[in-house]
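[1] after the sequence you'll find the predicted model.
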Amino acid sequence: MLNIYTATANDFPVIQKIAHKTWPATFGAILSPQQISYMLEMMYSTAALTEQVAGKGHHFLLVKDETNDLGYASYELNYKGLPKTKIHKIYLLPEAQGKGVGKLLMKTISEIAKDNKNTILSLNVNRDNSAFLFYKNIGFEQVGEENIDIGDGFLMEDYIMEKQLA
């Protein structure tokens, strides 16, 4: 039985723990250890998570089974004033992948988006991340690409993907 719930600031340590477990597995072959470390601090320090929620309107979801936290996602409704929900993050522990957990998180975000009159899901994915195929398989289309300078000499080199909601 999987349970998805809205995270609060009290859940930030759980999100941080999952991030520190998933990022080396996800990005170890495509980003340097220095970039992974830099990005984890930039995106997952308590101050950064607080700013994302309180300052930028991001919402975090956590998913767990009977005993373990398995992953998280964050999203922003009405992204840039449009009827679009931006998925900023979705990460699952390696042992939770391939078991429908990611699809359940995406379905949950889709329902929230539709409940809020958003008609498009949008996300960015690293151009070398195998998750690109997961997103294609669940109906996302590549609509562009961008390079985002995140400081310290690092770039995020991403595909932009979108999915129309019925």
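    Here it is on my side, so go on.
[2] now do the same contact list for residue 75.
    58-59, 61, 85-88, 109, 112-113 (CB atoms under 8 Å, 6 or more residues apart in numbering). C-betas here are computed from N, CA, C, even on glycine.
[3] switch the cut-off to 7 Å
    58-59, 85-88, 109 (CB atoms under 7 Å, 6 or more residues apart in numbering).
[4] in three-state terms, label it for me.
    Put simply, residue 75 is strand when judged by DSSP: H, G, I helix; E, B strand; the rest coil.
[5] tell me, what's the model's pLDDT at it?
    On the pLDDT scale, residue 75 is placed at 98.
[6] and if you look at the one 5 residues further on?
    The model reports residue 80 with a pLDDT of 96.
[7] so it sits in a helix?
    Yes: counting by three-state DSSP, residue 80 is found in a helix.
[8] and the strands in this structure?
    Using DSSP state E, the strands of the chain run over residues 3-6, 59-64, 69-76, 84-92, 120-126, 141-151, 154-164.
[9] now for those, which one comes closest to residue 15?
    Closest approach to residue 15 among the strands of the chain is made by strand 69-76 (5.2 Å; CB to CB).
[10] given that closest one, what are its sheet partners and their directions?
    Strands that pair with strand 69-76, judged by DSSP bridges, come out as strand 59-64 (antiparallel), strand 84-92 (antiparallel).
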